[in-house]
Each structure stands twice: as structure tokens, then as C-alpha cells.
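Novice: Have a look; sequence and predicted model below, questions after that.
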Amino acid sequence: MGKLRVAASGLLACLMFAQGVACAAAALLGQGGRFRPGLDILTHFAPFWLAGALVVVAYALLLAAPRLRLAFLLLGGVGTIAALSLVAPEFLRPTSPRAPPNAPDQLKVIQFNAWGRNDEINRTAQWVADQDADIVVMEEARPAMRDAVLARRPYVVTCPRCSVVIFSKATPIASGAPRTPRGQPRPPIALATFSSSVGDFTVVGTHYTWPTDGALQQRQGQELGRILSAYPKDTMILSGDFNSTPWSFSRRREDQMFGMERRTKALFSWPAGEFSGRHIKAPFPFLPIDHVYAGKAWRTVSVKRGPRLGSDHYPVIVTLAHVP
């Protein structure tokens, strides 16, 4: 029994060492995402590196042999500090003052990647209709989903044949984006400008490529930034599936480039249960990749995640109030 205990202790030490090395290496290499898009993909999983490194620290304090304790503490500490430096800025970033729930001139916006494989179209469409939102930005909006939503609520649809559509109560006074220069990649975009009692405002919906192609994703962001620069930023609302987390360097750069406040703060939206062709299930969402930005003419009333609706994404519901 004593030999078995020693063997189990040795195996656990080996596993903790491997975990500590993996988490520290991933978090440290992720720092290179500042300069190389290919390394930025590691930053998206920074909470995992942080959790894994903290487990190694706990092992060092509670279970490690005395002669190995310092080594495990150093290994876990390096991983913890490197991962925490990626995650912490999102939680520490300042946000603008919120508007009270009874603030006038409110606008309810839903951001939702409905997923091309969604087989709960009627339930999803009914939920969207029941929300009575002023604006719904929907990615992967296949025709059956669009028709199901419109059958339940008479929305106006911007870019009805696109993969990204904007459903709105009001009819836009203008729509369409400037042309993209030849050879410059542009993510799918729907763009509409509305007139209201508080003035004109533009809503933009988008859907980036996966972060596995970090270089392409960053070029898409640069082109989107160029398009946004043609419209007033103070009243603009930008919503989409950006396929990047707040702890990635690409998202931090675009937060600065877009010139609007990202109202979604570490709001985990993917995956919603089954994903990857329904071959894998996740008990909870672990990537915040659906984001809503708004210019300084808008105050945040509330930001919340919607229910699971047959998509691999959760919907995001953001209520804004116009500031005179």
C-alpha cells in the first residue's frame, strides 16, 4: 500500500508539472499576440491557463513534497501572472456611468448568431419576436430563420439576402456600406441608418472569421474600422460575432480603433451546449465572443445573456438610453 501511495504521489507530481509547464508556456507565448497574429489565438483561452496555473499553486501549497514546493510555486506563479495579465484588463477597464431603468429614449438591441445548423427555428424565432427589441442583429441568418421571425413580427429587414441581417421596428433612411478596395478582405456587414426623435444613428452588424486565421481576422477588423470612420461615432451602435475575446490583443486594438465603448464586459456567449457539428457538448459558455459597442451618446441601461435557443451562441441583450 505504501508503494502504491508513493507511485500515485509521483504520478500526480508529474501531471502537475506538465500542467504547470503547459499553462505557463501558453500564457507566455500568448503575450506574443501583441506582435504576431498567429500567437494571439492563445490569448482567447487565457482563463483556462489562469485556472490551470492556480491549481498548480494550490498543489504546491497543499500536496507537494517539501523539496519540490518552491519549484511548483515558481512554475504556477509564472503561469498565474502571465495569464492574469491577459485577463485582468477586461475586468479593470473603466466603463461609463449607467442609465437608470426608467431612463427615457431607450433602445433595446439583440445581438445573436442564430447558427446555420439551428434546428429549433420556430422556438428561436418566437423568442426573438417576444423580446420586442427595437434592433436585432443576426448572424448566420438563413432564409428559414428570417421568414420565421418575420412571420411573428413585422420587422423591416436590412440586407435580407445577406448572412448578417438587421431586423428593425423603424424603416432605415439609408443602408449599405462603402465599397471595399480590391483585394482587401471585409467581414460580412449589414449597415442601416435610422432617424429618431433624438437624431440619426447608424447600426452596423458584422461577423468575423475564426481566430484560427488571426491575420485575416485582423485585416477584417482594419477594413471594418475604415468603414466605420465614414459615419458619426457618437451615435453609432456596432454589434456582431467577432470571434475574439476581450483578452485578445486584436480585440483590445479594435476597442481603441473603433472609438466606441464596448458595452459587453466579459459576457460569455459561446458555446451554448452543443457545438462543433453537435459532436461536442459544453456545460457552460467559456468564450465571450459576441460584442456590442455604442458611441458616447448612449448610456447602458442593462446588458444580459439570453437563453439557449438551438444555436451554439447565446443571444446578448443590450438596452441603451440616449443621452441628450
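Specialist: It's in. Numbering: from 1, shown residues only.

Novice: what's the longest helix in this protein?
Specialist: helix 2-30 (DSSP state H).

Novice: Pull the residues that contact the helix or strand following that one.
Specialist: Note on helix 2-30: by DSSP states H and E, the next helix or strand toward the C-terminus is helix 37-40. If you take Cβ atoms under 8 Å, 6 or more residues apart in numbering as the criterion, helix 37-40 is touched by 29-33, 211, 214-215, 217-218, 248-250. Where you see a C-beta, it was placed from the backbone N, CA and C, and this is true even at glycine.

Novice: that older thread, quick one: the longest helix of the chain to chain centroid distance?
Specialist: Chain-centre distance of helix 2-30: 32 Å, with Cα atoms, centre = their mean, to the nearest Å.

Novice: Then stretch 99-114?
Specialist: Per Cα atoms, centre = their mean, the centroid offset for stretch 99-114 relative to its chain is 18 Å.

Novice: pull the helix or strand with minimum mean pLDDT from this structure.
Specialist: strand 274-275 (a mean of 70; mean pLDDT, DSSP states H and E).

Novice: What's the PyMOL syntax to select whichever of the contacts of helix 37-40 are buried?
Specialist: Selection command for PyMOL covering only the buried members of the contacts of helix 37-40, criterion 16 or more other Cβ atoms under 10 Å:
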select buried, resi 29+30+31+33+211+214+217+218+248+249+250
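
Novice: Closest to Phe45 out of the contacts of helix 37-40?
Specialist: Checking those against Phe45 with Cβ to Cβ, the nearest one is Gly30 at 8.2 Å.

Novice: my guess is Asp234 contacts Ala297, does it?
Specialist: Yes. The pair formed by Asp234 and Ala297 meets the contact definition of Cβ atoms under 8 Å, at 4.5 Å.

Novice: the more surrounded of these two?
Specialist: When Asp234 and Ala297 are compared for neighbours, Ala297 comes out ahead with 19 against 15, by other Cβ atoms under 10 Å.

Novice: can you tell me how far that one sits from Asp241?
Specialist: 24 Å (Cβ to Cβ, to the nearest Å).

Novice: Chain neighbours aside, what residue packs nearest to Trp127?
Specialist: Excluding the flanking residues, the one nearest Trp127 by Cβ to Cβ, 6 or more residues apart in numbering is Leu309, at 5.7 Å.

Novice: Tell me the spacing between the one you found and Ala125.
Specialist: Using Cβ to Cβ, we find Leu309 at a distance of 9 Å from Ala125.

Novice: Now for the residue nearest the centre of the chain: which residues touch it?
Specialist: Residue closest to the average C-alpha location in the chain (Cα atoms, centre = their mean): Ile289, at 1.7 Å. Ile289 makes contact with Asp241, Phe242, Asn243, Ser244, Thr245, Ser269, Trp270, His313 under the criterion Cβ under 8 Å, 6+ apart.

Novice: repeat that with 6 Å
Specialist: Residues near Ile289 by Cβ atoms under 6 Å, 6 or more residues apart in numbering: Phe242, Asn243, Trp270.

Novice: what does Ala272 give?
Specialist: Arg308, Ser311, Asp312, His313, Tyr314.

Novice: for those residues, which one is nearest Thr43?
Specialist: Closest approach between those and Thr43, by Cβ to Cβ: His313, at 20.1 Å.

Novice: sorry, back to before: next up, phi/psi of the residue nearest to the centre of the chain, please.
Specialist: Torsion angles at Ile289 (phi, psi; degrees, to the nearest 10) stand at phi -120, psi 0.

Novice: separation between it and Ala83?
Specialist: Counting by Cβ to Cβ - Ile289 and Ala83 are separated by 18 Å.

Novice: swap in Ala51?
Specialist: For Ala51, the distance to Ala83 - Cβ to Cβ - is 8 Å.

Novice: same deal with Ser239?
Specialist: Taking Cβ to Cβ, one finds Ser239 at 29 Å from Ala83.

Novice: same deal with Ser250?
Specialist: From Ser250 to Ala83 the distance is 18 Å (Cβ to Cβ).

Novice: What of Glu261?
Specialist: Relative to Ala83, Glu261 is positioned 25 Å away (Cβ to Cβ).

Novice: List the buried residues of the helix or strand hosting Gln256.
Specialist: Following DSSP H and E, one finds Gln256 within helix 249-258. Neighbour counts using 16+ other Cβ under 10 Å place Phe249, Ser250, Arg251, Arg252, Arg253, Glu254, Asp255, Phe258 of helix 249-258 among the buried residues.

Novice: Beyond that helix, next helix or strand please.
Specialist: Next along from helix 249-258, by DSSP H and E: strand 261-262.
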